[in-house]
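**Student:** Generate coordinates for the sequence data below:
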Amino acid sequence: MSDTASATDAERALSTAAAGIRAVAARLDATAVVDGRLHADGAPLTPPTLERLADAAVTDAGGVDAAPRIETRDDTLRPGDPLVVALDPLVGDVAGPCSRTFVVDGGGGWERRAAVAVEMAHDAVSRVAEPGLPARRIVDEAVAELGAYGLGTAETPVARAVGDPVDFSADTPLEVGQVFALAPAAVDPDPETDRGQVRIGTCYVITESGCRALGDLPASLSPGAY
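**Tutor:** Prediction:
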């Protein structure tokens, strides 16, 4: 499959994931804070409610099997806490893994530093990814960038192949046309401190001259930016 065809297929799947993430963002942007919890329609908002909302939006956009996941520290939605939305919908047989992190009424503290670190991890990877680069360098670059900000890395995969299998723990050289999902997740390095995580995941395609990101979804922590 050509570079153009592969990337186009992934972009179609990513567009359905974006619909799910935007639906969650819109609901979060309309929430109220009551007794330290996020409320919608007069009741506490829950992860399953948001997951159903995301799944319906993906389906309406033409995707299937999105398996949306809303990840928080303890399954409770609170102001100031990071909330990760992760989806992996299919269009045909091509996946569009995508994730974003939202913070409602955040104070701009730890989570903002983590978001900057994750964005810089994406930037570092986009600068080095090119044909011939050992696949493990993708993970190494992202993890090193988080470490430079004094942050740890969550146990979720930093990078994974979309389509052709690629082992991102090996030195297998990247090839033109390969699509991969990059989803670095920053956590507090102190194992005794649970602040949740900040994760931003999107897809890239290897081109003749480097790589390019697929899709145009914002990366902001603010639901109102979507």
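
**Student:** Count the residues that sit near G224.
**Tutor:** 12 (other CB atoms under 10 Å). In this view, the C-beta of every residue, glycine as well, is placed from N, C-alpha and C.

**Student:** Leaving out the residues flanking it, which one is nearest to it?
**Tutor:** Spatial nearest neighbour of G224, excluding adjacent residues (CB to CB, 6 or more residues apart in numbering): D29 at 4.9 Å.

**Student:** A56 too?
**Tutor:** A23 is the one closest to A56 (CB to CB, 6+ apart), at 7.5 Å.

**Student:** thinking again about what came up before, count of neighbours near the residue nearest to G224?
**Tutor:** Other residues close to D29 by other CB under 10 Å number 14.

**Student:** what ranges do the helices span in the chain?
**Tutor:** Assigned by DSSP state H, the helices in the chain fall at 3-29, 47-60, 110-128, 136-148.

**Student:** which parts of the shortest one are buried?
**Tutor:** Across helix 136-148, burial judged by 16 or more other CB atoms under 10 Å covers R137, I138, V139, D140, E141, A142, V143, E145, L146.

**Student:** what pLDDT does the fourth one get?
**Tutor:** Looking at D140, its pLDDT is 98.

**Student:** I'd like the numbering to begin with 114 instead of 1 from here.
**Tutor:** Happy to do that; since the first residue is 114 now, the last one works out to D253.

**Student:** Please give me every residue in contact with it.
**Tutor:** If a contact means CB atoms under 8 Å, 6 or more residues apart in numbering, then D253 has no contacts.

**Student:** Report pLDDT for the residue nearest to G337.
**Tutor:** 96.

**Student:** before we move on, what about V271?
**Tutor:** 98.

**Student:** now do A118
**Tutor:** 53.

**Student:** go on, R191?
**Tutor:** 95.

**Student:** count of residues packed around it?
**Tutor:** 17.

**Student:** How about the backbone phi and psi for it?
**Tutor:** phi -120, psi 150 (degrees, to the nearest 10).

**Student:** give the contact list for it.
**Tutor:** G149, R150, L151, T185.

**Student:** of the residues you listed, buried ones?
**Tutor:** R150, L151.

**Student:** Make CSV from the contacts of R191 and add distance to T315 and pLDDT to it.
**Tutor:** Putting those into CSV (distance: CB to CB, whole Å; pLDDT from 0 to 100) gives the following:
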residue, distance to T315, pLDDT
G149, 32, 93
R150, 30, 96
L151, 25, 97
T185, 21, 94
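
**Student:** Adding distance to A272 as columns, could you present the contacts of R191 in TSV?
**Tutor:** Formatted as TSV, those follow (distance: CB to CB, whole Å):
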residue	distance to A272
G149	36
R150	34
L151	31
T185	24
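
**Student:** before we move on, the earlier item: and of the helices of the chain, who's closest to C316?
**Tutor:** In terms of CB to CB, the element of the helices of the chain nearest to C316 is helix 116-142, at 5.5 Å.

**Student:** Tell me what angle that closest one forms with helix 160-173.
**Tutor:** 140 degrees (axes from the mean of the first three to the mean of the last three CA atoms, to 10 degrees).

**Student:** Pretty sure S322 sits against A242.
**Tutor:** No: applying CB atoms under 8 Å, one finds S322 not in contact with A242, separated by 10.7 Å.

**Student:** So for the two, which sits in the more crowded spot?
**Tutor:** Looking at S322 and A242 with other CB under 10 Å, you find the greater number of neighbours at A242, namely 24 against 9.

**Student:** Just give the nearest non-adjacent residue to that one, would you?
**Tutor:** C324 is the one closest to A242 (CB to CB, 6+ apart), at 3.9 Å.
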